[in-house]
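J.: Could you work out the structure for the sequence below:
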Amino acid sequence: MKGSTSTTKIIVVLSTLLLLLVWQLGAVLLDAEIILPRVGPTLAKFVQLVKQPPFSLNLLATVGRALKSFLIIFVVGGVLGVLAGYSEKLRAFLVPFLLLCKATPVMAVILLAFIWFSSGAVPLFSAFLMGFPAMYIQMAEGVGLISQPLQEMTQIYRFSKRERLFHLVIPSLAPSIITGAKASLAMVWKVVIAAEVLTVPRYGVGSRMQLAQVHLETAEVLGWTLIAILLTALGDLLFLAILKLPKKIGQAYRRRRYEAQLPL
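T.: Next up, the predicted model:
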């Protein structure tokens with residue numbers, strides 16, 4: 001298992017190096033910094049952006065908007081998805097809204113939201129509409145996959161609603177929760193930054209990208225793009241770490257109980 005993990009990491013590193021090589025070759029062949037700057041100057045600009053004082057403000061602004069959007073999607077999409085899984089009427093009632101979210105182009109949502117709201121609220125609203133379907137659909141479909149025999153068993157043993165929720169519904173929906181949350185989080189990062197590019201709030205990664213593009217600073221645009229990619233990657237890693245936390249706590253708890261039972 002450890003060997004397989006090491007091999008996977010090596011493949012990821014080699015793939016990343018290959019992409020950088022293709023980028024460098026493309027930049028050398030084009031020989032036009034304004035179109036595609038080389039890897040070295042772009043990485044230097046990346047380091048320069050990180051060292052600048054406003055960097056933390058821009059980063060925190062984007063992260064804050066993304067997390068707020070994700071939490072709203074997680075709660076609203078999760079609750080409505082579960083309720084819709086148990087209620088055909090609610091599911092039918094939400095079909096038009098779901099279709100609206102899935103079919104409307106991202107740019108159209110952002111532009112309309114910019115007319116209706118302030119620039120700071122546009123990323124939240126846009127990310128919610130685009131990320132909601134993934135969470136909602138996973139939860140609604142997950143309810144349909146809950147084992148019927150287990151549901152009947154909880155009725156036979158007269159489980160309370162609270163016991164049924166914590167001992168049947170939540171454990172059964174765990175895979176759907178994880179899948180929906182991951183898909184929603186990936187969508188949130190993209191939409192929030194895209195909304196910042198179009199609306200240009202005072203602080204935000206997307207705002208800096210737009211201002212750099214206006215001044216034809218391609219290396220800076222790519223630098224902020226690398227920051228956006230790292231944000232998405234770190235968000236995914238943090239999410240996976242949080243998911244593994246209960247398992248690690250459980251293993252530590254069982255190990256302590258086992259050691260406590262050993263004879264002195």
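J.: residue contacts, Val39?
T.: Applying Cβ atoms under 8 Å, 6 or more residues apart in numbering, we find Val39 in contact with 20, 23-24, 27. Just so you know, the C-beta spots here come from the backbone N, C-alpha and C atoms, and that holds for glycine as well.
J.: out of those residues, which are buried?
T.: With burial judged by 16 or more other Cβ atoms under 10 Å, the buried subset of these is 23, 27.
J.: of the contacts of Val39, closest to Arg256?
T.: Of all the contacts of Val39, Leu20 has the smallest distance to Arg256: 45.7 Å, by Cβ to Cβ.
J.: element containing that closest one, please.
T.: Using DSSP states H and E, Leu20 sits in helix 2-30.
J.: Okay, buried residues for that helix please.
T.: Quick answer for helix 2-30 (16+ other Cβ under 10 Å): 23, 27.
J.: which helices and strands does that helix pack with?
T.: Applying 3 or more Cβ pairs under 8 Å, 6 or more residues apart in numbering; DSSP states H and E, one finds that helix 2-30 contacts helix 39-51.
J.: quick one, the helix it packs on and helix 2-30 angle?
T.: The directions of helix 39-51 and helix 2-30 differ by 110 degrees, with axes from the mean of the first three to the mean of the last three Cα atoms, to 10 degrees as the criterion.
J.: Tell me the helix or strand right after helix 39-51.
T.: Once helix 39-51 ends, the next helix or strand along the chain (criterion: DSSP H and E) is helix 54-86.
J.: Show me what that next one is packed against.
T.: If contacts are counted by 3+ Cβ pairs under 8 Å, 6+ apart, helix 54-86 sits against helix 88-103, helix 122-144, helix 170-199, helix 205-214, helix 218-261.
J.: so how far is that helix off the chain centroid?
T.: Its chain's C-alpha centre and that of helix 54-86 lie 9 Å apart, by Cα atoms, centre = their mean, to the nearest Å.
J.: Next, the angle from that helix to helix 39-51.
T.: 90 degrees.
J.: Pull out the buried positions in helix 54-86.
T.: 55, 58-59, 61-66, 68-70, 72-74, 77-78, 80-82, 84-85.
J.: avg pLDDT for that helix?
T.: Mean per-residue pLDDT for helix 54-86: 91.
J.: quick one: contacts for Gly206?
T.: Counting by Cβ under 8 Å, 6+ apart, Gly206 has contacts 62, 123, 192-198, 200, 228.
J.: Would you list the buried entries among those?
T.: Buried members of the contacts of Gly206, counted by 16+ other Cβ under 10 Å: 62, 123, 192-198, 200, 228.
J.: What is the nearest of those to Leu100?
T.: Closest approach between the buried ones among the contacts of Gly206 and Leu100, by Cβ to Cβ: Ala195, at 17.6 Å.
J.: what's the neighbour count on Val214?
T.: A count of neighbours around Val214, defined by other Cβ atoms under 10 Å, yields 10.
J.: Distance check, it against Ala195.
T.: In this view, Val214 and Ala195 are 17 Å apart by Cβ to Cβ, to the nearest Å.
J.: what's the answer for Ala140, then?
T.: Distance from Ala140 to Ala195, by Cβ to Cβ: 27 Å.
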